[in-house]
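Engineer: based on what follows, work out the 3D shape:
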Amino acid sequence: MTARQSNLAVLALGGLVLALSLYAALFTGLQAWSLYQRIQAGTRAQSAQVHETVLPSRYLIEAASHGAAGAALLARLREAARQAGVSLQRAEPRAADPADPHSVKISAQASGPARGLAAFLHAIEAKPPALIIQRARLEADKDKTISIDILVAARARYREDGR
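Structural biologist: Okay, here's the model as predicted:
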């Protein structure tokens, strides 16, 4: 092999390496761009969900007064108990706390089968506006009936116009 043929072979090999490097760089760049676009789409979708979840109606009971908020919370507990097939023996709204007037609390006692009580608790916590079970005490009877004593709390926003 002559020097000229050696130089041409090295030059051809260099050209081949350069072409493969350009292909790898282009392929990697396209993959990075695709990943960037998916990240941006996910960020936009998550941002839309965040704006939806911060709506006050998802977290606040809107009422004219503390008593009206307590009545709305009581109606929600009764409906959840009815749908779950549990017996709501007692449900008493508590008086407004001067230190936190926007906190609405109800002390309640219900009984029924375990599956029904689980459905009842899920109905309380899963639907908006958000309710919080601050305290729960369970007791089981020999006939597989479970009694639960709970303290349910919610946040209220009182309308100025009394509607």
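
Engineer: could you identify the longest helix within the chain?
Structural biologist: helix 3-53 (DSSP state H).

Engineer: what is that one packed up against?
Structural biologist: Identification of packing neighbours for helix 3-53 by 3 or more C-beta pairs under 8 Å, 6 or more residues apart in numbering; DSSP states H and E yields no helix or strand. Using the backbone N, CA and C atoms, a C-beta is placed for each residue, glycine as well.

Engineer: distance from it to the middle of the chain?
Structural biologist: 37 Å (C-alpha atoms, centre = their mean, to the nearest Å).

Engineer: go on, stretch 62-70?
Structural biologist: With C-alpha atoms, centre = their mean as the basis, stretch 62-70 stands 25 Å off its chain's centre.

Engineer: just the CA atoms of it, as PDB, please.
Structural biologist: Taking C-alpha atoms only, stretch 62-70 is exported to PDB below (Å, rounded to 0.1, in the frame of the first residue of the first chain):
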ATOM      1  CA  GLU A  62     -70.100  27.900  51.800                       C
ATOM      2  CA  ALA A  63     -72.900  29.000  54.100                       C
ATOM      3  CA  ALA A  64     -74.600  32.100  55.500                       C
ATOM      4  CA  SER A  65     -73.600  31.300  59.100                       C
ATOM      5  CA  HIS A  66     -71.900  28.800  61.400                       C
ATOM      6  CA  GLY A  67     -75.300  27.200  62.000                       C
ATOM      7  CA  ALA A  68     -76.000  26.900  58.300                       C
ATOM      8  CA  ALA A  69     -72.600  25.300  57.700                       C
ATOM      9  CA  GLY A  70     -73.300  22.900  60.600                       C
END
